[in-house]
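S.K.: I would like to see how this sequence folds:
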Amino acid sequence: MSDYRSVADAVAEEIRGGALRPGDRLPPQRTFARRHGIADSTATRVYRELARRGLTVGEVGRGTYVRAGAEAAAPALTEPAAARVDLELNHSTLPGHAGLLAEGLAPLARPDILGDALRPVGAAGTPTAREAAAELLARGGWRPDPDQVLFAGNGRQAVSAAVAALVPPGGRLGVEELTYPVIRTVAARLGVTLVPLAMDDEGLLPGAVEQAHRRAPLHAVYTQPTLHNPLSLTAPPARLAALAEVLTRLDLPVVEDAVWGFLRAELPPFAALLPERTVLVDSLSKRVAPGLTLGFLVAPPARTDALATSLRSGGWTPMRFALEVMRRWQRDGTADRLAADKRQDAAERQALAARRLDGFDVRGDARAYHCWWRLPEGWRADTFVAAAARHGIAVAPAAAFAVRRDSAPHAVRLALASPPTDALAPALDALAGIARSTPEDLQGRY
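M.R.: Here you go, the predicted structure:
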């Protein structure tokens, strides 16, 4: 009698070799058993083994499918997709912006200025850099105190430093049930347990924070109240006020990820409402250029020292050169010009997506660079991702954002910033065509 592992090895080899492709449906277990001359019980063990290896996924009543990809050792959404049209990552670089940025860099070619910009600097940066950062981060009538601004090498390091300062190893961090994927990696490296918190159409539910804290104390909460990634939600004032009340009553600090806040410049951040408890984190990557890495933290006065210590001990302090170019771009108006251009670009791309995906359950703020698509009946996210990949389009499945992947909805996030618009429109049309079909309709075409 064949050992089930050897049969599973043979199927795994077919998957690796491309004979079985992502999204392909395996035959019913009884049919599989007859084809391979094995017992039905052995076929059951083979299918379980394939699922254990992360090669297949099954759904009651629909069958077993080859996964869109094996479980990756690296976190999701960390590298540009290899697909021809990348709707997985948001990298906004607009025509003409490189020229604007170059003008601000020209003075740094002088040896005396460049020499100063290459000297080391600490988490607090320099007084002129803090002033420039305060102007850069100001929005909705709020402007941080420059003395409360700290710097990190990039936005992810800013998040890491904030979590490390607020949550001890083994502690619990409350996060929205769908959240920025990198927070999972940060938590794992710091030995922090993520606690998923329920949401509705207005964002994080304050009651969910209270319930989670009562079950076992939280040490902090991480949230994206403005243009939430992946849902594009922006919490209304009443929701933010209710959240502030709960956090104050429970004596909990909060990390506000404001990386997309510049697209809603008319709105103040949550930090304006609860400054004594909120650590705001932001970066230059989205608002200026993907390749320029500089992170910001706006710290409550009582936590400034702890956050600075966290940045130093983690090796997350910035390069002085990045501080200097940020200061110059802010002073000469380049940063504001780029942000304004991107607000217009995001609105145009969001309008394009609304037209091309009209009739589907797509949620997207008119000012956001991403939208959330609840897929039509019959589609699973991983199968849809695989079908899109066959059309040369990369999209992100809901599981990439779910704290508990087994509870991820059948949805995908579309990142609209990266491709040129003449590639975005046909890509959206192709995705609409896929969604109007069924997995079974498409299977025979490949």
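
S.K.: mind listing what's buried along stretch 383-399?
M.R.: Along stretch 383-399, these residues count as buried under the neighbour rule (16 or more other C-beta atoms under 10 Å): 383-391, 393-399. C-betas here are computed from N, CA, C, even on glycine.

S.K.: and which of those residues is nearest to Asp9?
M.R.: Ala386 (22.5 Å; C-beta to C-beta).

S.K.: what's the separation between the closest one and Pro22?
M.R.: 4 Å (C-beta to C-beta, to the nearest Å).

S.K.: which phi and psi does the closest residue to Leu263 other than its chain neighbours have?
M.R.: In space, and not counting its chain neighbours, Leu263 is closest to Arg367: 5.0 Å by C-beta to C-beta, 6 or more residues apart in numbering. The phi and psi values for Arg367, taken as degrees, to the nearest 10, are phi -110, psi 10.

S.K.: which stretches of the protein have low pLDDT?
M.R.: 1-2, 59-62, 68-83, 104, 109, 113, 117, 442-446 (pLDDT under 70).

S.K.: so is the residue positioned nearest the centre of the chain in a helix, a strand, or just coil?
M.R.: The centroid of the chain falls nearest to Tyr180 when counting by C-alpha atoms, centre = their mean (3.6 Å). Look at Tyr180: counting by DSSP: H, G, I helix; E, B strand; the rest coil, its state is coil.

S.K.: now do the contacts for the closest residue to Gly122 other than its chain neighbours.
M.R.: Spatially, and ignoring its direct neighbours in sequence, Gly122 is nearest to Thr317 (5.9 Å; C-beta to C-beta, 6+ apart). Residues near Thr317 by C-beta atoms under 8 Å, 6 or more residues apart in numbering: 121-123, 151-153, 311.

S.K.: so which of those are in helices?
M.R.: Leu311 (DSSP state H).

S.K.: Ala242: which of the contacts of Thr317 is nearest?
M.R.: The nearest member of the contacts of Thr317 to Ala242, counting by C-beta to C-beta, is Ala152 at 30.3 Å.

S.K.: if I look at the closest one, how far off is Gly125?
M.R.: Ala152 is 10 Å from Gly125, by C-beta to C-beta.

S.K.: now do the shared contacts for the two.
M.R.: Contacts common to Ala152 and Gly125, judged by C-beta under 8 Å, 6+ apart, are Pro318.

S.K.: alpha carbons only: can I get stretch 116-129 in CSV?
M.R.: Listed next in CSV are the C-alpha coordinates belonging to stretch 116-129 (Å, rounded to 0.1, in the frame of the first residue of the first chain):
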residue,chain,number,x,y,z
ASP,A,116,27.5,68.6,7.8
ALA,A,117,24.6,66.5,6.4
LEU,A,118,26.7,63.3,6.7
ARG,A,119,27.4,63.7,10.4
PRO,A,120,25.6,61.3,12.9
VAL,A,121,22.4,62.4,14.6
GLY,A,122,20.2,61.1,17.4
ALA,A,123,16.5,60.3,17.7
ALA,A,124,15.7,63.9,18.4
GLY,A,125,17.3,65.1,15.2
THR,A,126,18.2,68.8,15.1
PRO,A,127,16.1,71.8,16.1
THR,A,128,15.7,72.9,12.5
ALA,A,129,14.6,69.4,11.5
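
S.K.: can you give me the buried ones in that stretch?
M.R.: Buried residues in stretch 116-129 (16+ other C-beta under 10 Å): 117, 121, 123-126, 129.

S.K.: mind giving me CSV with those residues and columns for distance to Thr278?
M.R.: Shown next, in CSV, are the buried residues of stretch 116-129 (distance: C-beta to C-beta, whole Å):
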residue, distance to Thr278
Ala117, 31
Val121, 25
Ala123, 18
Ala124, 19
Gly125, 20
Thr126, 24
Ala129, 21
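
S.K.: which one among those gets closest to Arg35?
M.R.: Using C-beta to C-beta, the buried residues of stretch 116-129 come closest to Arg35 at Ala123, 62.5 Å.

S.K.: correct me, but that closest one touches Arg312?
M.R.: Yes: in this structure Ala123 lies within contact range of Arg312 using C-beta atoms under 8 Å: 6.0 Å.

S.K.: any idea whether the residue nearest to Leu250 when sequence neighbours are not counted is helix, strand or coil?
M.R.: Nearest residue to Leu250 in three dimensions, chain neighbours excluded: His213, at 5.3 Å (C-beta to C-beta, 6+ apart). What three-state DSSP gives for His213 is helix.

S.K.: His219 versus His213, what's the distance?
M.R.: 10 Å.

S.K.: quick one: the strands in the stretch 101-250 of the chain?
M.R.: 149-152, 172-176, 193-197, 199-200, 203-204, 220-223 (DSSP state E, counting those that start in this stretch).

S.K.: other SSEs contacting the first one?
M.R.: Translated: strand 149-152. helix 127-137, helix 155-166, strand 295-298, helix 304-313 (3 or more C-beta pairs under 8 Å, 6 or more residues apart in numbering; DSSP states H and E).

S.K.: partner strands of it, with direction?
M.R.: strand 295-298 (antiparallel) (DSSP bridges).

S.K.: ok so, going back, verify the stated contact: the residue nearest to Leu263 with Arg264.
M.R.: Yes: Arg367 is within contact range of Arg264, at 5.9 Å (criterion: C-beta under 8 Å).
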